[in-house]
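*Asks:* Provide a 3D model corresponding to the input given below.
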Amino acid sequence: MFRLVYNIKKKEEAPEAETQKEPDNPLMRKKKTPEELAKEAEEADQDELTKLKNTLETQVNEWKSQIESKCVIQ
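*Replies:* Predicted coordinates:
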């Protein structure tokens with residue numbers, strides 16, 4: 001009756017998916033398996049290699065354009 005008089009709604013239950021969500025406290029999070037850690041390390045290496053590759057390609061293209069601008073083919 002109290003809820004009806006003051007128009008208070010009942011608290012809805014959270015879906016199970018949200019209850020399984022990792023906690024905000026980093027000390028309470030699930031520990032990663034060695035496989036997960038290895039996968040993350042491999043992805044980081046690939047990212048570094050991709051950055052290096054892009055940097056080298058850019059530099060080579062700049063050199064190419066400089067050489068082409070200096071050479072005149074008749």
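
*Asks:* how far is the lengthiest helix in the chain from where the chain is centred?
*Replies:* Longest among the helix segments of the chain by residue count, using DSSP state H, is helix 34-70. A distance of 18 Å separates the centroid of the chain from that of helix 34-70, by CA atoms, centre = their mean, to the nearest Å.

*Asks:* Quick check: mean pLDDT of that helix?
*Replies:* Averaged over helix 34-70, pLDDT sits at 88.

*Asks:* Now that helix: buried residues?
*Replies:* For helix 34-70, burial by neighbour count (16 or more other CB atoms under 10 Å) applies to no residue. (C-beta placed from N, C-alpha, C; glycine too.)

*Asks:* now for that helix, which elements pack on it?
*Replies:* Packed against helix 34-70 by the contact rule (3 or more CB pairs under 8 Å, 6 or more residues apart in numbering; DSSP states H and E) you find no helix or strand.

*Asks:* Number of residues surrounding K10?
*Replies:* Around K10 there are 6 other residues, counting by other CB atoms under 10 Å.

*Asks:* Assign it to helix, strand or coil.
*Replies:* Local secondary structure at K10 is given as coil here, using DSSP: H, G, I helix; E, B strand; the rest coil.

*Asks:* Next, it: phi, psi?
*Replies:* Backbone geometry at K10, expressed as degrees, to the nearest 10, gives phi -70, psi 150.
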